[in-house]
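Q: Quick check, what structure comes out for this input:
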Amino acid sequence: MVSARKAPRTSPRKSPTQSRSQITVDAILSASGQVLVEHGYEGMTTNQVARVAGVSIGSLYRSSSFIGTMRRVARGVARETAQVTLNRVAGNAFRDQLAGLLRQAGRQVETEVYKRTPFGRRYIDIEVSMGGKVLGGIETKVGASRYKPLQQLKDWWLTNIENYPVNLARQP
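A: Just a heads-up that it's a prediction; the model follows:
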């Protein structure tokens, strides 16, 4: 007699009803994403996820179907990675277009220039010079891409302390 194989469960066995249950599920989802990014799908283990989430293996399996969770996490990471890649390509194209216009206007231009700040490294999209004198830097942004607070802090330092003005150029 041949027995039919059960398809793996892709939805939670039961939905979390208590707030601590939801916290556990959220911790597992977050940990799954962290482990996936760090080790890749093939290198990911349930033990790693449980350790990062701070839960037991039993909790991992009771809280939700782990396979279904992994599929959801993998899809989310793939979407986010694709969006980051698209933003980077569009941002680099805008940066290169602006650098070309500055060159046409007689400025010397370097892209991706490293600057040191007490808040960490800062890569300036475009550094503009004229007659051998550095005039400052330009941070380029496309669409709704964020000018993050840490970037703003580093740019404030460069502008106000290092006397290296950094301007923001945004393409809608």
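
Q: buried stuff in stretch 35-46?
A: For stretch 35-46, the buried set under the neighbour-count rule, 16 or more other CB atoms under 10 Å, comprises Val35, Leu36, Met44. No exception for glycine: its C-beta is placed from N, CA and C like everyone else's.

Q: Now do that stretch, average pLDDT.
A: Taken as a whole, stretch 35-46 has a mean pLDDT of 77.

Q: For that stretch, what is the distance to the chain centroid?
A: With CA atoms, centre = their mean, to the nearest Å as the basis, stretch 35-46 stands 17 Å off its chain's centre.

Q: got it, and stretch 100-116?
A: Distance of stretch 100-116 from its chain centroid, counting by CA atoms, centre = their mean, is 26 Å.

Q: Which positions within that stretch qualify as buried?
A: Buried-residue list, stretch 100-116, by 16+ other CB under 10 Å: Leu102, Arg107, Val109, Thr111, Lys115.

Q: correct me, but Gln48 touches Val37?
A: No. Using CB atoms under 8 Å, Gln48 makes no contact with Val37, being 11.8 Å away.

Q: can you list the buried residues of stretch 35-46 in CSV and add secondary structure and distance to Ile57?
A: CSV is the format used below for the buried residues of stretch 35-46 (DSSP: H, G, I helix; E, B strand; the rest coil; distance: CB to CB, whole Å):
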residue, secondary structure, distance to Ile57
Val35, helix, 14
Leu36, helix, 17
Met44, coil, 14
